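[1] Need the 3D shape of this:
(one chain, ligands or ions: 2)
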Amino acid sequence: MEALEALRMNKIVKSFGSLKALDQVDLTVAKGEIHCLLGENGAGKTTLMKILYGIHQQDEGEIYLNAKKVKISSPKEAITQGISMVFQHFMLIPNLSVMENIILGQEETKMGILADKESRNKVANLSEKLGLKVRLDMLVEDIPVGEKQRVEIIKALYRGAEIIILDEPTAVLTPQEVSELFKVLKTLKEDGKTIIIITHKLKETLAVADKVTVLRNGKNQGSITTDKATPEILAQMMVGRNVMLEVVKGKVEKGPVIFETKGLNLKDKLKNINLKIHAGEIVGIAGVEGNGQTELLETLIGLCSPTSGSIIFDQKDITKDSVEERLDQGLGFIPEDRNDRGLVNNFKLWQNAILGYQKRYEKKGLLDFAAITKASETIVKNYQVKVLGIDSKSSSLSGGNAQKLLVGRVFYHNPRVLIIAHPTRGVDVGAIEYLHKEILSMRSQGKAILLVSADLDEIRQLSDRIAVIYEGAITIEGDGGDFTEDELGLYMAGGLRPESKVVKA
Ligand SMILES: Nc1ncnc2c1ncn2[C@@H]1O[C@H](COP(=O)(O)OP(=O)(O)OP(=O)(O)O)[C@@H](O)[C@H]1O
Ligand SMILES: [Mg+2]
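    Ligands and ions are numbered 1, 2, ... in the order given. Sure, this is the predicted structure:
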């Protein structure tokens, strides 16, 4: 028997100004299916889902839910129709409790204590049935990302969602959290819920989805069931050519140490961090998010001062130098959160393309627009940033394109030491291939590179040495090839074996 159709989007067209983001896109999802939307950065995935969730209105095309034509003109209406969306940037209110966030906007809140108890029970039941562990009375600002995501999912279910959309839900999760999330999604599926998930990770797609639809350039490239798909087939459908999914890493002779930290402490957040990075070397920092990576990055770039210890760049102590002075000396920095520290959203693309490097574009006190245009256009071209022009606002960039702009800016300005956080987060496979090649080419040019990434594959493929950070301390360090994925996972979770492999650089 044919599975029932939960959703059909028919010939959806959507333009933003002169940019056609969606061009006659069809999407059919069966009830009780986990359906994955794949596609290059800027392909239109988020836009299509925002139309389904009522944030955007389509210019043309129809939406059918359970074979009935519907019009969804706001998220509120989407929720009434049983559709919920969990975004990459969670929509929770930080200074309210988990419980308050879950019931926010629902009728029961108005009916006093009795109803409160009832909703608590309902939430507790949902959480238990699905193995979605959340602490109801914690403030949202005090819980880790993985838990915030669980809160969002419970919130969706609490509102009666039948179709749940997740936009890149695994980008911020650890491998363990990813497998927990997938378990939850499969339980939901058994319960008859329909799931649409957007991801860039092909392995994950194959592990969790029943069916995949690929978008390219605002057009539907076709659908395939996962039993017939391989990572290579999916990559080919996405990009339209073969993609190297494994990194080919040549040998590079290490030069002298050009970047070093000595006994770095930051209150109780960083404990005696000693790192040495040679020219032509990539040192990877592996760790579960929240174990000091943020503090380490901010200390290295000069956004906060260490309580004790020092940072040495080319035998010069830069511990007290400002961010600007460090950039001037050739420290390049790709921050963790591109929205927070990387790009200014309402700046034009060209402004963001030189952000932090403005001084280099001054000529007799004025900005040298010829040089700025050249820089911006080179970055857009080399890093395949999909944008109308360098005068476009950065807020109109899709997630992956914003990331490519950020990486492009830093690499273009010829740094000698690179501090790179999550360089390929939210980036499509074709662009990952390109960015990895660029990072390796920086390595062959003799740059010293510190790579912080939550993506273990990335850490293992790129790093010459790997250091695991746990509770603010480096608990183990060794050559890249020394660790299996499982071992790294274990160390990241705080397990340290007696026969620890700490090797001195
Ligand atoms: N509000 C907007 N204003 C102008 N252009 C937009 C807007 N939202 C999206 N776009 C453009 O529409 C296209 C599709 O964007 P969308 O965010 O749907 O891509 P995506 O497939 O989700 O990409 P990614 O994988 O990078 O998240 C992009 O070229 C993007 O720049
Ligand atoms: Mg997107």
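[2] Could you report the neighbour count for residue 445?
    Residue 445 has 12 neighbours, counted by other C-beta atoms under 10 Å. For every residue, glycine as well, the C-beta is placed using N, CA and C.
[3] Check the gap between it and residue 280 for me.
    Distance of residue 445 to residue 280, computed by C-beta to C-beta, to the nearest Å: 8 Å.
[4] Which of the three states applies to whichever residue of the stretch 401-505 of the chain sits closest to ligand 2?
    Ligand 2 sits closest to residue 426 of the stretch 401-505 of the chain, with a gap of 7.3 Å, by C-beta to the ion. Counting by DSSP: H, G, I helix; E, B strand; the rest coil, the backbone at residue 426 sits in coil.
[5] Verify the stated contact: it with residue 46.
    No: taking contacts as C-beta atoms under 8 Å, residue 426 lies outside contact range of residue 46: 10.4 Å.
[6] Find the residues that touch each one of the two.
    Listed as contacting both residue 426 and residue 46 by C-beta atoms under 8 Å, 6 or more residues apart in numbering are residue 399.
[7] Could you find the closest non-adjacent residue to the residue of the stretch 401-505 of the chain closest to ligand 2?
    residue 399 (4.3 Å; C-beta to C-beta, 6 or more residues apart in numbering).
[8] quick one: the one you found and residue 200 touch, right?
    No: using C-beta under 8 Å, residue 399 is not in contact with residue 200, being 9.4 Å away.
[9] Check the contact lists of the two and give me the overlap.
    With C-beta under 8 Å, 6+ apart as the test, residue 399 and residue 200 both reach 168, 426.
[10] which SS state does residue 260 fall under?
    Per three-state DSSP, residue 260 ends up strand.
[11] Dihedrals phi and psi, residue 357?
    Here is the backbone geometry of residue 357 (degrees, to the nearest 10): phi -120, psi 10.
[12] For whichever strand or helix holds residue 487, list every residue counted as buried.
    Secondary structure from DSSP states H and E places residue 487 in helix 485-492. By 16 or more other C-beta atoms under 10 Å, the buried positions in helix 485-492 come out as 487, 488, 489, 490, 491, 492.
[13] Please apply the same query to stretch 258-267.
    Here stretch 258-267 shows 258, 259, 260, 261, 262, 264, 265, 266 as buried, counting by 16+ other C-beta under 10 Å.
[14] mean confidence score for the top helix by length along the chain?
    Scanning the chain for the helix with the most residues, using DSSP state H, yields helix 112-130. What helix 112-130 shows for mean pLDDT is 81.
[15] Repeat that for stretch 368-379.
    Here the average pLDDT along stretch 368-379 is 96.
[16] Identify the bridge partners of residue 166.
    On the basis of DSSP bridges, residue 166 is bridged to residue 86, residue 197.
[17] residues contacting residue 372?
    Counting by C-beta under 8 Å, 6+ apart, residue 372 touches 350, 353, 354, 361.
[18] now residue 66
    Per C-beta under 8 Å, 6+ apart, neighbours of residue 66: 4, 5, 6, 31.
[19] Which strands or helices does the worst-scoring helix or strand of the chain on mean pLDDT pack on?
    The weakest-scoring helix or strand in the chain, judged by mean pLDDT, DSSP states H and E, is helix 112-130 (a mean of 81). The contact analysis (3 or more C-beta pairs under 8 Å, 6 or more residues apart in numbering; DSSP states H and E) places helix 112-130 against helix 98-103, helix 145-158, helix 175-190.
[20] For that helix, which residues meet the burial criterion?
    119, 122, 123, 126, 127, 130.
[21] got the helices and strands packed on helix 112-130 as JSON lines, with mean pLDDT and distance to residue 460 columns?
    Converted to JSON lines, these look like this (pLDDT from 0 to 100; distance: least, C-beta to C-beta, whole Å):
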{"stretch": "helix 98-103", "mean pLDDT": "91", "distance to residue 460": "35"}
{"stretch": "helix 145-158", "mean pLDDT": "90", "distance to residue 460": "22"}
{"stretch": "helix 175-190", "mean pLDDT": "90", "distance to residue 460": "12"}
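[22] With distance to ligand 1 and mean neighbour count added, can I get those helices in TSV?
    Below are the helices and strands packed on helix 112-130 laid out as TSV (distance: least, C-beta to the nearest ligand atom, whole Å; neighbours: other C-beta atoms under 10 Å):
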stretch	distance to ligand 1	mean neighbour count
helix 98-103	25	21
helix 145-158	17	22
helix 175-190	18	17
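[23] which one of those lies closest to ligand 2?
    helix 145-158 (16.4 Å).
[24] Can you name every helix or strand that the closest one contacts?
    strand 83-86, helix 98-103, helix 112-130, strand 163-167, helix 175-190.
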